[in-house]
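Asker: Turn this into a structure:
(2 chains)
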Number of protein chains: 2
Amino acid sequence: MTNKNDESQILEVNTRFYQALGTRDLELMGTVFVHDDRAGCMHPGWVMLQGWEAIRQSWENVFDPQDQLEIKLHNLSVEIEGDVAWVTCIQELTYIKRDPIMMNVSVSTNIFEKNESEWKMVIHQASPLPMSAQEESEENNLQ
Amino acid sequence: MTNKNDESQILEVNTRFYQALGTRDLELMGTVFVHDDRAGCMHPGWVMLQGWEAIRQSWENVFDPQDQLEIKLHNLSVEIEGDVAWVTCIQELTYIKRDPIMMNVSVSTNIFEKNESEWKMVIHQASPLPMSAQEESEENNLQ
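Answerer: Next up, the predicted model:
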């Protein structure tokens, strides 16, 4: 079922999502999500934001260009079924401009759909991962 | 795009998932998930379990028939695109047999796919929700 072209486009949108998150770029984030009520976003320890307008507003409130992040993705997997795809990964966010530097490691599921040949994110959900669990996961990678 | 028959089948599998979780019924849970490596499960505060065998094993380790749960779902939404669907909801788990009684409120995304006319769960991800956020969400329901 996997089309290499679709897979590279999905990974490009997924990368763009983390780039927008890391550089606090609301305009770039606007190119990632579908702009309707089905868009959903669950940040770690947060309510479910439903609809693009609520998601956009929440990022407008917190995006500070001085607060850049370095983001690393681990255990990335892509599944494509027709016009829907989902990416699961472990996202490691480092808030490099904060003092002290903060880290946030989460498991995330990102759902994408294809509209007129373009893939867009519909759902982003990130769940906090305890640090010990992340180490275990990295060890599993080495086996 | 929504087919009423598909929607009711998806909701039935979604309900069966929570029934299996609540009654600690591993056999019933086995009828919910796809039985391959794409199956994924992220419990609140836990690693990502990849593949049905890892998921089954984790439940075999923790399922105790004496530890029944009452489960309520809020803010349930279903989206169907071809042979893939995703359900988002707030899941309220009450461990009624524990002393003191424990509660766990999470936001969850469940991804389903249709194989030979039967819908199966591929991904379950639940993120812990702070209690204050849950109250806010319930207030929003009343508006």
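Asker: did I read that right, A:Gln125 in a strand?
Answerer: Yes. Applying DSSP: H, G, I helix; E, B strand; the rest coil, one finds A:Gln125 inside a strand.
Asker: gap between it and chain B?
Answerer: The gap separating A:Gln125 from chain B is 5 Å, by Cβ to the nearest Cβ, to the nearest Å. Heads up, the C-betas are built off the backbone N, CA and C, glycines and all.
Asker: Report pLDDT for that residue.
Answerer: At A:Gln125, the model reports a pLDDT of 95.
Asker: Roughly how far does the closest residue to it other than its chain neighbours sit from B:Lys97?
Answerer: Distance criterion Cβ to Cβ, 6 or more residues apart in numbering or on different chains; nearest residue to A:Gln125, sequence neighbours excluded, is A:Met42 at 4.2 Å. Here the criterion is Cβ to Cβ, to the nearest Å. By it, A:Met42 lies 29 Å from B:Lys97.
Asker: who in chain A is up against chain B?
Answerer: Within reach of chain B by Cβ under 8 Å from any Cβ of the partner chain, chain A has these residues: A:38, A:40, A:42, A:44-48, A:50, A:75, A:77, A:79, A:81-84, A:86, A:88, A:90, A:107, A:109, A:111, A:113, A:122-123, A:125-130, A:133-134, A:136-137.
Asker: Pull out the buried members of the residues you listed.
Answerer: A:38, A:40, A:42, A:44-48, A:50, A:75, A:79, A:81, A:83-84, A:86, A:88, A:90, A:107, A:109, A:111, A:113, A:122-123, A:125-129, A:133-134, A:137 (16 or more other Cβ atoms under 10 Å in any protein chain shown).
Asker: out of these, which are inside strands?
Answerer: Taking DSSP state E, the ones among those that sit in strands are A:40, A:42, A:48, A:50, A:75, A:79, A:81, A:84, A:86, A:88, A:90, A:107, A:109, A:111, A:113, A:122-123, A:125-128.
Asker: Just give me the longest helix of chain A.
Answerer: When chain A is scanned for its longest helix (criterion: DSSP state H), the result is helix A:4-23.
Asker: CA-only coordinates of that one in CSV, if you can.
Answerer: The C-alpha coordinates for helix A:4-23 follow below in CSV (Å, rounded to 0.1, in the frame of the first residue of the first chain):
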residue,chain,number,x,y,z
LYS,A,4,7.3,6.2,-1.8
ASN,A,5,6.3,9.6,-3.1
ASP,A,6,3.4,9.8,-0.6
GLU,A,7,5.8,8.7,2.2
SER,A,8,8.4,11.4,1.4
GLN,A,9,5.6,14.1,1.2
ILE,A,10,4.2,13.0,4.6
LEU,A,11,7.7,13.0,6.2
GLU,A,12,8.2,16.5,4.7
VAL,A,13,5.0,17.8,6.3
ASN,A,14,5.9,16.0,9.6
THR,A,15,9.4,17.7,9.5
ARG,A,16,7.8,21.0,8.7
PHE,A,17,5.5,20.6,11.8
TYR,A,18,8.5,20.2,14.1
GLN,A,19,10.4,23.0,12.3
ALA,A,20,7.4,25.4,12.9
LEU,A,21,7.3,24.2,16.5
GLY,A,22,11.0,24.6,17.0
THR,A,23,11.3,28.1,15.4
